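> A predicted structure for the sequence below; I have some questions about it.
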Amino acid sequence: MVTKTAGTIIQVDPTTLTIALNVRTDANVDKEFVASIKELGILQPPMVVANDAGSYDVVLGQRRVLAAVQAELKQIPVYLVDKSEAEAARIVDQITENEQRQHLTEAERVGGYKQLALIGLSPSQIAKKVARPKKSIDTALAVADNEQATAALDEGMTLDQAAVLVEFTDDKAAVKRLTESAVKGDFDHTVKDLRDKRAFDEERTRLEQELKSEKLTVIAGIHQEWDRPVLDGHTLRDLTWFGKPGKPTEQLEPADVKKKTALAGSVARTYMEVDGEPKYWPVKRYWLVDPDTAGFEKLQTEYSNTTRELTPEEQAAKAEREAKWAKERAEREAIVAAAKVRTDWIIQFLQRKSLPALNETLTFIAETATRIGMQPDQDTFDFLNAPLTEEQLNTVDEDESTQLLLELASRIGPQKYLLAVAFTSGESAMTHHWMRGETAPWYLPQLAAWGYGLSDIEKALAESQTEAEEEATPEAVE
């Protein structure tokens with residue numbers, strides 16, 4: 001039996017080495033290669049493992065061994081390793097060799113990483129061996145451990161898309177939406193919508209738990225900010241409408257209501273700014289169950305006035321206004337959410353190794369300059385993944401900003417810089433209602449042509465101007 005220590009280079013007779021059956025074993029090795037081996041010998045030792053028969057199996061370098069046999073070399077150096085290291089080397093070689101010949105599918109690549117993990121390699125070790133970022137290895141291994149995500153890879157999803165399925169694996173409806181969106185082309189928008197909804201639900205649950213911890217009756221469900229819930233036949237009245245006992249000019253607080261049965265809590269859906277983004281968000285509300293019986297009086301302010309019950313016509317008009325406001329707010333929320341996804345895409349787009357053809361890029365830049373003008377600003381730094389620090393944002397003046405932009409342009413090249421400035425101007429125009437209608441029909445389709453998936457609201461914006469022009473065009477006279 002072999003007694004040599006793994007991890008060493010030893011000299012062996014190449015004719016005694018066993019070639020694995022799944023590797024080409026024909027003796028017709030390139031003549032020039034055989035001649036080189038005969039003249040120079042083997043410069044890079046093949047990798048071998050000990051077998052039960054007392055000899056060695058070749059793991060990597062089969063072609064070098066075959067050439068050595070044809071060159072009639074009596075001894076060659078080989079690198080002896082243990083079986084786990086040999087298996088890892090075999091898998092890595094298989095991955096890299098197939099990548100060079102033809103690109104592996106995401107599913108094949110993930111399968112290879114999983115095999116490496118199963119034989120004991122850490123994500124960091126795998127990343128080093130296959131020369132990929134550790135983050136992508138972590139993502140691949142998370143996908144490999146999820147049956148739905150692995151199946152999605154086989155159906156054509158990207159690794160990042162399949163990783164999102166892992167995130168929502170317990171939500172069948174979300175998985176269905178994501179799968180459909182991957183085909184439809186608006187996957188990123190669906191992801192943001194699902195994450196926003198999940199954050200909303202988590203905040204609502206947190207607020208409801210707070211209300212319960214205050215020993216209050218909690219009104220189930222979610223209601224609109226203008227709704228007045230009903231409890232045990234009582235139409236509840238907003239706590240903030242009432243003054244403190246004996247101090248009617250000071251707003252009533254929950255702690256002022258000593259009898260907890262006189263107070264109820266709920267979570268309402270209101271429109272507000274969250275982390276700089278306007279959206280519907282849950283807020284905690286307090287309600288008096290029967291304020292008249294409890295002896296609470298209306299809050300007295302300089303704006304106080306006598307209220308009356310609305311007529312049916314007034315109630316209908318109010319409901320119509322509220323429905324209109326809700327629709328407008330939902331559209332604004334969708335526009336803002338789409339813009340966030342779009343800017344993230346622009347940043348990734350500008351980091352690509354190759355940009356669109358120069359003529360195509362220049363056409364887009366020329367159209368931007370002609371239609372809306374081009375002006376770099378702080379967003380240009382963000383788009384080029386070179387954001388200004390908080391200190392720079394607060395202290396940089398116009399001249400310094402110009403100098404920083406010129407240095408940035410020099411560093412990254414004129415094509416990428418001008419493209420970033422065009423995006424800066426396009427996104428600026430999209431933030432203004434009066435410019436959005438004219439910008440969207442030519443700006444958004446160009447982004448879509450470069451691979452950006454339009455959301456439903458963006459499709460509507462891109463098509464609205466075209467439809468308006470078609471309606472305004474008189475029919476041809478026969």
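Cool, got the structure. Numbering: from 1, shown residues only.
> drop to CA atoms for contacts and neighbour counts, all remaining ones
OK.
> Relative to the whole chain's centre, how far out is the strand or helix carrying Trp287?
In this structure, Trp287 sits in strand 277-288 according to DSSP states H and E. In this view, strand 277-288 has its centroid 27 Å away from the chain centroid, taken as C-alpha atoms, centre = their mean, to the nearest Å.
> Can you list the strands that it pairs with?
For strand 277-288, the paired strands and their directions (DSSP bridges) read strand 237-238 (antiparallel), strand 263-274 (antiparallel).
> Buried ones in it, by neighbour count?
Pro278, Lys279, Tyr280, Trp281, Pro282, Val283, Arg285, Tyr286, Trp287, Leu288 (16 or more other C-alpha atoms under 10 Å).
> Find the residue closest to the residue minimising distance to the centre of the chain in space, skipping its chain neighbours.
By C-alpha atoms, centre = their mean, the chain has its centre lying nearest to Asp188, at 6.4 Å. Counting by C-alpha to C-alpha, 6 or more residues apart in numbering, Val341 is the residue found nearest to Asp188 once chain neighbours are left out, at 6.7 Å.
> Counting neighbours, which bits of the host helix or strand of the one you found end up buried?
For Val341, the enclosing helix or strand under DSSP H and E is helix 312-350. For helix 312-350, a neighbour-count test (16+ other C-alpha under 10 Å) marks 326, 329-330, 332-339, 341-343, 345-347, 349-350 as buried.
> quick one: stretch 190-204 to chain centroid distance?
The answer for stretch 190-204 is 14 Å, by C-alpha atoms, centre = their mean.
> C-alpha coordinates for it, PDB please?
C-alpha atoms of stretch 190-204 as PDB (Å, rounded to 0.1, in the frame of the first residue of the first chain):
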ATOM      1  CA  THR A 190     -42.900  43.300  -7.900                       C
ATOM      2  CA  VAL A 191     -40.100  42.700  -5.400                       C
ATOM      3  CA  LYS A 192     -40.300  46.300  -4.100                       C
ATOM      4  CA  ASP A 193     -44.100  46.100  -3.900                       C
ATOM      5  CA  LEU A 194     -44.000  42.800  -1.900                       C
ATOM      6  CA  ARG A 195     -41.300  44.100   0.400                       C
ATOM      7  CA  ASP A 196     -43.200  47.300   1.000                       C
ATOM      8  CA  LYS A 197     -46.400  45.300   1.800                       C
ATOM      9  CA  ARG A 198     -44.400  43.000   4.200                       C
ATOM     10  CA  ALA A 199     -42.900  46.000   6.000                       C
ATOM     11  CA  PHE A 200     -46.400  47.500   6.200                       C
ATOM     12  CA  ASP A 201     -47.800  44.300   7.800                       C
ATOM     13  CA  GLU A 202     -44.900  44.000  10.200                       C
ATOM     14  CA  GLU A 203     -45.400  47.600  11.400                       C
ATOM     15  CA  ARG A 204     -49.200  47.000  11.700                       C
END
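> Under the pLDDT cut-off, which ranges of the stretch 51-200 of the chain? List them.
Across the stretch 51-200 of the chain, the ranges flagged by pLDDT under 70 are 83-104, 118-120.
> Please report phi then psi for Ala220.
Per-residue torsions, Ala220: phi -70, psi 160 (degrees, to the nearest 10).
> Please give me every residue in contact with it.
By C-alpha atoms under 8 Å, 6 or more residues apart in numbering, the contact set of Ala220 is Ser266.
> pLDDT score for it?
pLDDT for Ala220: 85.
> Please tell me how far it sits from Leu121.
50 Å (C-alpha to C-alpha, to the nearest Å).
> where does the stretch 351-478 of the chain have low pLDDT?
In the stretch 351-478 of the chain (pLDDT under 70), the answer is 464-478.
> How is the protein divided into domains?
In the domain annotation for the chain, the residue ranges read 8-81, 87-186, 215-307, 328-472 (automatic domain parsing).
> May I have the phi/psi pair for Thr217?
According to degrees, to the nearest 10, Thr217 has phi -70, psi 120.
> now do Asp227
Asp227 adopts backbone torsions of phi -70, psi 150, taken as degrees, to the nearest 10.
> Tell me how many other residues surround it.
The number of residues packed around Asp227, counting by other C-alpha atoms under 10 Å, is 10.
> where's it relative to Ser266, distance?
Asp227 is 11 Å from Ser266, by C-alpha to C-alpha.
> and if you look at Lys340?
31 Å.
> got the residue ranges for the helices in the stretch 101-250 of the chain?
Counting by DSSP state H, counting those that start in this stretch, the segments of the stretch 101-250 of the chain that form helices are 106-118, 123-130, 134-144, 147-154, 159-167, 172-184, 187-213.
> Columns distance to Thr431 on top of the ones you listed, output as TSV?
Shown next, in TSV, are these (distance: least, C-alpha to C-alpha, whole Å):
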stretch	distance to Thr431
helix 106-118	37
helix 123-130	41
helix 134-144	34
helix 147-154	36
helix 159-167	28
helix 172-184	25
helix 187-213	18
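> so which of the ones you listed gets nearest Ala460?
Nearest of the helices of the stretch 101-250 of the chain to Ala460, taken as C-alpha to C-alpha: helix 187-213 at 14.5 Å.
> buried residues in the closest one?
187-191, 194, 196, 200, 203-204, 207-208, 211.
> and that helix, how far from the chain's centre?
17 Å.
> what's the angle from the strand holding Trp287 to helix 187-213?
Here strand 277-288 runs at an angle of 20 degrees relative to helix 187-213 (axes from the mean of the first three to the mean of the last three C-alpha atoms, to 10 degrees).
> closest to Ala162 among the buried residues of strand 277-288?
Lys279 (27.3 Å).
> who's in contact with that closest one?
Residues counted as contacts of Lys279 (C-alpha under 8 Å, 6+ apart) are Tyr271, Met272, Glu273, Glu333.
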